[in-house]
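Novice: Structure for this input, please:
(3 chains)
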Amino acid sequence: MPELPEVQTIVSDLNKEIKNLRIVNLWLDLPYSIDRKKLIGSTILGVRRRAKNILIDLDNEGILLIHLKMTGKLIINSKIKMQNEKFRKHVHLVFDLDDGRELVFSDVRKFGKVILDSKKRIEARLLGLGPEPLSKEFTFPVFDLAIVNRRRAIKLVLLDQYVISGIGNIYSDDILWKARIDPRKLACDLSLKEKKRIWSAISNVLSRAIKLRGSSISDYRDFYGKEGGYQKIRLVYDRYKEKCRRCAAMILKIKIGGRSSCFCPGCQK
DNA sequence: AATCGTTCCTGATAGC
DNA sequence: TGCTATCAGGAACGAT
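Specialist: Numbering: from 1, shown residues only, chains lettered A, B, ... in the order given. Have a look, this model is predicted:
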C-alpha cells in the first residue's frame, strides 16, 4: 500500500525517467477522467507529490493526478513485464511516450484514481490537505496545532490526510511504536512530551523508509518493478504474534476505527 | 464542525 | 481436497 515513502520513491524515479517526454498516445479500459484530446501531444514538465497523490505537470496548463490507493502501480514498460499474463491482466492505462517507451498503470483492486484537469482545479482539490510531514514547515507547533483537542484515537488522527498528509497504516503503526504510544490513546489526552515523541518519530520513520525505497509488504513495487527495503526492518506493522523488538512482549493486532493496528501492549502506553 | 460507519474491489489465506 | 468466509487497504461519502 503506497504511502508517502513509496509515492516519493516513484515520483523521484519518474522525474529521472519521463521528464520532458511527450505523450503520443493513450490506451485505457476503465473510465478514468481523461480527455484524450487534451492529453495527447502534451509534454511532461515534471512530477511532484502532494500527500499520496502523484502530480504530473503538463505543458498545456494541465495536471495528471494519480492516486495509487492500495494496489495501483506505475511502471515503465519492459517487454518482459508485458509478456507476463498475470501483470497484463491488471493493466488499465498505457501512456505511449515519444521515446518509444510506455508508462503503464496497473491496479488489481481498481481503487486507483487517474484524473486529467486544469492546474487550477487540481490544486483546488488538494487545498484542504494537512501539512507535509517532511517539510520545513512541519515544526512541532504546527503538529501540535493540527492534533490539539481531537477526541479521536491518535492512530486515526495520524491517518487523516486532512490533519497530516502522507501517513498510512504501515507508518502510523511504526511511528506510534517508536514513540511508545498506545494507538488507542485520544490525541487530546497526550502530554506535551508524548506529542514531541510522536512528532520526532514521524520524520524519523518516514525518512528512513524513503532511504530504503519504501515497503513491499503485500504488493508494492517501484517504478522499475523492484521491491523496497523497509519491510525488512519494520518496527511493529504486521508483526502480529511476534516478539516486540524493544521489550519482548507479544505484539497484538486490534481494530481501531475499522483499521487493523499492530502494537506492543508492553511498552506502548 | 468533528467524527463514525460504509462502500468500492480482488486475491490471499484462514477455517472447516 | 475443496469450499466458503474473512481480511486487507485509502478516502469519498452520507449520517449523526
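
Novice: Write out the residues of the stretch 101-250 of chain A neighbouring DNA strand B.
Specialist: Residues of the stretch 101-250 of chain A lying near DNA strand B by C-beta under 7 Å from any atom of the strand: A:V108, A:R109, A:K110, A:F111, A:N149, A:R150, A:R151, A:R152, A:A153, A:L156. Heads up, the C-betas are built off the backbone N, CA and C, glycines and all.

Novice: can you map out the helices along the stretch 1-150 of chain A?
Specialist: For the stretch 1-150 of chain A, applying DSSP state H, counting those that start in this stretch gives helices covering A:4-17, A:36-39, A:79-83, A:85-88, A:119-125, A:140-147.

Novice: that older thread, now render the residues of the stretch 101-250 of chain A next to DNA strand B as TSV, adding pLDDT.
Specialist: Formatted as TSV, these follow (pLDDT from 0 to 100):
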residue	pLDDT
A:V108	92
A:R109	93
A:K110	94
A:F111	93
A:N149	90
A:R150	95
A:R151	95
A:R152	95
A:A153	96
A:L156	96
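
Novice: Farthest pair within those?
Specialist: Maximum pairwise distance in these, criterion C-beta to C-beta, is 39.2 Å, between A:V108 and A:N149.

Novice: Have a look at these two and say which one is more surrounded.
Specialist: Per other C-beta atoms under 10 Å, whichever of A:V108 and A:N149 has more neighbours is A:V108, with 16 against 8.

Novice: Flag the shaky bits of chain A, pLDDT-wise.
Specialist: For chain A, the stretches with pLDDT under 70 are A:78-83.

Novice: State which helix of it is the longest.
Specialist: Assignment by DSSP state H gives helix A:192-211 as the longest helix of chain A.

Novice: Just confirm yes or no for that one near DNA strand C.
Specialist: No. Figure legend: helix A:192-211 not in contact with DNA strand C (C-beta under 7 Å from any atom of the strand); closest approach 13.1 Å.
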